[in-house]
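S.K.: just to be clear, the model below is a prediction. Sequence and coordinates:
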Amino acid sequence: MKTTNDPLANSASIPTEGRQSEKETIPVTIHKNAPSPELNKGVWGSDGIAELLRAFEIPYVCINPGSSYRGLHDSIINYNGNIQPQMVVCLHEEHAVAMAHAYAKVTGKPLAVILHSNVGLMHATMAIFDAWCDRVPVLILGATGPVDAAKRRPWIDWLHTARDQGALIRHYTKWDDQPSSIPAAYESLLRAMQIAQTAPKGPVYVCFDAELQESKLDSLPPIPAVERFRAPTPSVPDPLAVREAAEWLSNAKNPVILMGRVSRDEAAWQMRVELAEKLEATVFTDLKVGAAFPTDHELHAAPPSHFLSPDAAVRLREADVILSLDWLDLAGMLKQAWATSEVTAKVIQVSVDQYVHNGWSMDHQGLPPADLYLACEPEPFVAALLPAVRTRTRNPLRRTAAAARKSDDTPSTISIAFLARELKRALGDTAVSLIRLPLSWSGEFWDFRHPLDYLGTEGGAGVGSGPGMAVGAALALRGTNRLPVAILGDGDFLMGATAFWTAANMRIPLLTVVANNRSFFNDELHQERIAKQRGRPTENRWIGQRIDDPAPDLAMLARSQGLNGFGPVNSPKLLFETFVEAAGCVKQGHACVVDVHITPGYSPAMSAGILRSSGE
């Protein structure tokens, strides 16, 4: 093939496949090469920042372009050669942070994000809040200024300069700084990476003055040895507390383990399984966080969910000792089982989350009772606890048989349960990572048997993060044996739809299924509840909620950005073959969107949990 100076010209042509689409050519090359820098022409402040990012071995930096960091942009391209990190162009700042958020959920490592001045930071705030609530490390870089007012351009530099830019997000980041020299920038970045990766992990923000970036230097200060500034190793739990916890659990009649925010590490997963089996403990998991325990294991009490079902609440109330491994909202979990009554079980709380609680946000949830509180991460605690507990005698009376999975004949409409069944059937034995699931999803639809089988929610319970997070997780999974699948609601999809352009641009394989009920259905339920309370017509609940008349063509929206679009699929009979075709397309390296029109509805536990008022 003839070589040209166009980095995308040396690539094969791939026909776009999909229903209601025409064939088109998409190049497959994902790395955009940049020429080597001519270092003999001098160095600039931002070159030092770029070189330190390279020393961190950060593979990608997610950006939406902005002039405030034009110096750093140039350094990453023309000094680093667009390698480590490689630029990932996003069409909105919120997508850039969401991508880094989901990448870290898969790998445990932070990506870099660069946000343009105050306006780009304002765009990104929701995604930053999500990463904060989800306790995920993200290295966010920003820019402002020039801080020296005498050096500002008329109009625009005044609008895009803030005296304290970090104040915009200080309540939901772990740390922020605005260094005023290159040596100070080195220290700031080292500290930021260290803090972001120290549990409880979270986003950090470092802002660079435009003048600092664009100042010419005689030479760069030496780059520090980054290995000397790594995050601390996890805290080791108190041996006396471990021994006491082991005694309580070993002597319990009905021990329960709440598997909460834990790592994606396979060895840690296996230790949790061994602990539960050694104790014969009943296990609960949560759809709000990633997979933590095999959901088809005989010790798993109930399908993972956002809220407890009545039957699951009964199982939890039977416990005499509860071990919480950083369970998200432990107080709320106990309240669902015991309501306003005193919790009769002894509670062992294992978490360091309290170190990031502050007075601005209530994301820390309620204050739970704890008879034994260990300020450490779940992984070192389980490692210390496992050899300390005694093997308990099997008690089959505690177990209940798993409910039979329904496999109805082809229905006349597509429910979320039927969608799940047909998708699973189409994917067969393929190793799948479920990146996101809609609120209508019920835990019995799909079993999780590996820590990467399901990645959990966005953390902040907002709408619109799903597309960006889907692309970021798929980027992290690219090159593995796992097929990334995101099942999104239509409202979530439409708010962040342009994030999928980055998947096409970066050639990221990804299967996105839109569970499209043509409504912000969650709020329909709230409006129905209010109407009933006030004796008003519930038939009007849809007004101000429906995404219809006209119905957006989601498959066309995907195709317009270079993805493969399928649908809308209205017929249950076509769903399986559509999923087979789309999955095959993803396996060939494409990003695909399947628009499936489903009937609205939530599980009873989900509906009850969403609609429950504070007094109930």
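M.R.: Cool, got the structure. Numbers count the residues shown, from 1 in each chain.
S.K.: do a quick rundown of the helices in the stretch 251-400 of the chain.
M.R.: Listed from the start of the chain, the stretch 251-400 of the chain has helices (DSSP state H, counting those that start in this stretch) covering 266-279, 310-317, 330-338, 378-385.
S.K.: which residues are contacting the third one?
M.R.: By that I understand helix 330-338. 258, 260, 284, 307-308, 313, 316-317, 322, 324, 327, 343-344, 347, 349, 365-369 (Cβ atoms under 8 Å, 6 or more residues apart in numbering). Bear in mind the C-beta positions are built from the backbone N, C-alpha and C, glycine included.
S.K.: any weak-confidence spans in the stretch 301-450 of the chain?
M.R.: 394-408 (pLDDT under 70).
S.K.: Asp209 contacts Ser180, doesn't it?
M.R.: Yes - with contact defined as Cβ atoms under 8 Å, Asp209 and Ser180 form a contacting pair (6.7 Å).
S.K.: ok, those two, which is more surrounded?
M.R.: For Asp209 versus Ser180, the count of surrounding residues by other Cβ atoms under 10 Å is larger for Asp209: 24 against 13.
S.K.: re the thing from before, buried subset of the contacts of helix 330-338 as a PyMOL selection?
M.R.: The buried residues among the contacts of helix 330-338 can be selected in PyMOL (16 or more other Cβ atoms under 10 Å) with this line:
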select buried, resi 258+260+284+307+308+313+316+317+322+324+327+343+347+349+368
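S.K.: just the contacts of helix 330-338: which are in strands?
M.R.: Judged by DSSP state E, the subset of these located in strands is Leu258, Phe284, Ile322, Ser324, Val347, Gln349.
S.K.: a markdown table for the residues you listed, including distance to Phe493?
M.R.: Output for the ones in strands among the contacts of helix 330-338, formatted as a markdown table (distance: Cβ to Cβ, whole Å):
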| residue | distance to Phe493 |
| --- | --- |
| Leu258 | 32 |
| Phe284 | 30 |
| Ile322 | 38 |
| Ser324 | 34 |
| Val347 | 40 |
| Gln349 | 37 |
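S.K.: ok, the residues you listed vs Glu528, which is closest?
M.R.: Each of the ones in strands among the contacts of helix 330-338 was checked against Glu528 using Cβ to Cβ; the closest is Phe284, at 29.6 Å.
S.K.: dig out what the closest one forms beta bridges with.
M.R.: Each beta-bridge partner of Phe284 is listed here: Leu258, as defined by DSSP bridges.
S.K.: show me what contacts it?
M.R.: Applying Cβ under 8 Å, 6+ apart as the definition, the contact partners of Phe284 turn out to be Val256, Ile257, Leu258, Met259, His300, Ala301, Ala302, Pro304, Ala312, Leu316, Met333.
S.K.: thought the first one was touching Ile322?
M.R.: It stands for Val256. Yes - applying Cβ under 8 Å, one finds Val256 in contact with Ile322, separated by 4.8 Å.
S.K.: residues shared between the contacts of those two?
M.R.: With Cβ under 8 Å, 6+ apart, Val256 and Ile322 have common neighbours Leu316, Ala345.
S.K.: just give me the residue right at the centre of the protein.
M.R.: With distances taken as Cα atoms, centre = their mean, Ala102 lies nearest the centre of the chain, 4.0 Å away.
S.K.: now do the helix or strand that contains it, average pLDDT.
M.R.: Secondary structure assigned from DSSP states H and E places Ala102 in helix 93-107. Mean pLDDT, computed over helix 93-107, is 98.
S.K.: now swap in stretch 49-66 and tell me
M.R.: Within the predicted structure, the mean pLDDT of stretch 49-66 is 97.
S.K.: may I see the buried residues of it?
M.R.: By neighbour count, and taking 16+ other Cβ under 10 Å as the criterion, the buried residues in stretch 49-66 are 49-56, 58-64, 66.
S.K.: mind checking how far that stretch is from the chain centre?
M.R.: Counting by Cα atoms, centre = their mean, to the nearest Å, stretch 49-66 is centred 20 Å from the centre of its parent chain.
S.K.: then stretch 444-461?
M.R.: Mean C-alpha position of stretch 444-461 versus that of the full chain (Cα atoms, centre = their mean) differs by 10 Å.
S.K.: distance between the ends of it?
M.R.: 22 Å (Cα to Cα, to the nearest Å).
S.K.: and it, which residues are buried?
M.R.: Neighbour-count burial for stretch 444-461, counted by 16+ other Cβ under 10 Å, picks out 444-448, 451-460.
S.K.: surely Val138 and Val113 touch.
M.R.: Yes - checked against Cβ under 8 Å, the pair Val138 and Val113 is within contact range at 6.3 Å.
S.K.: where do the contact lists of the two overlap?
M.R.: With contacts taken as Cβ under 8 Å, 6+ apart, the residues that reach both Val138 and Val113 are Val97, Ala100.
S.K.: so what does the helix holding Ala102 touch, helix or strand wise?
M.R.: Secondary-structure packing of helix 93-107 (3 or more Cβ pairs under 8 Å, 6 or more residues apart in numbering; DSSP states H and E): strand 60-63, strand 112-115, helix 117-133, strand 138-144, helix 466-477.
S.K.: the second one: partners in the sheet, and parallel or antiparallel?
M.R.: Which is strand 112-115. Sheet pairing of strand 112-115 (DSSP bridges) gives strand 60-63 (parallel), strand 138-144 (parallel).
S.K.: now distance to Ala291 too, for those strands, in TSV please.
M.R.: Converted to TSV, the strands paired with strand 112-115 look like this (distance: least, Cβ to Cβ, whole Å):
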stretch	distance to Ala291
strand 60-63	25
strand 138-144	22
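S.K.: the ones you listed: which one's closest to Leu439?
M.R.: Among the strands paired with strand 112-115, strand 138-144 comes nearest to Leu439, with 24.5 Å by Cβ to Cβ.
S.K.: could you check that closest one and say which residues are buried?
M.R.: Val138, Leu139, Ile140, Leu141, Gly142, Ala143, Thr144.
S.K.: next, the contact list for the fourth one, please.
M.R.: For Leu141, the contacting residues are Ile49, Val61, Tyr69, Leu72, Ala112, Val113, Ile114, Leu115, Tyr205, Val206, Cys207, Phe208, taking Cβ under 8 Å, 6+ apart as the criterion.
S.K.: surely the second one touches Leu115?
M.R.: No - under the criterion of Cβ under 8 Å, Val61 makes no contact with Leu115, lying 11.0 Å away.
S.K.: of all the contacts of Phe284, which two lie farthest apart?
M.R.: Distance extremes for those: the farthest pair is His300 and Met333 at 15.6 Å, using Cβ to Cβ.
S.K.: give me the more crowded residue out of those two.
M.R.: Under the neighbour definition other Cβ under 10 Å, His300 and Met333 were set side by side, and Met333 has more, 24 against 21.
S.K.: what does stretch 210-219 contact?
M.R.: So stretch 210-219 is contacted by 42-49, 68-72, 75, 143-148, 151, 157, 179-182, 185 (Cβ under 8 Å, 6+ apart).
S.K.: what do you get if the cut-off is 6 Å, keeping everything else the same?
M.R.: Gly42, Val43, Trp44, Gly45, Ser46, Ser68, Gly71, Leu72, Ala143, Gly145, Pro146, Lys151 (Cβ atoms under 6 Å, 6 or more residues apart in numbering).
S.K.: distance of the closest residue to the last one other than its chain neighbours from Val43?
M.R.: Pointing back at Lys151 there. Spatial nearest neighbour of Lys151, chain neighbours left out: Glu211 (5.9 Å); criterion: Cβ to Cβ, 6 or more residues apart in numbering. Here the criterion is Cβ to Cβ, to the nearest Å. By it, Glu211 lies 16 Å from Val43.
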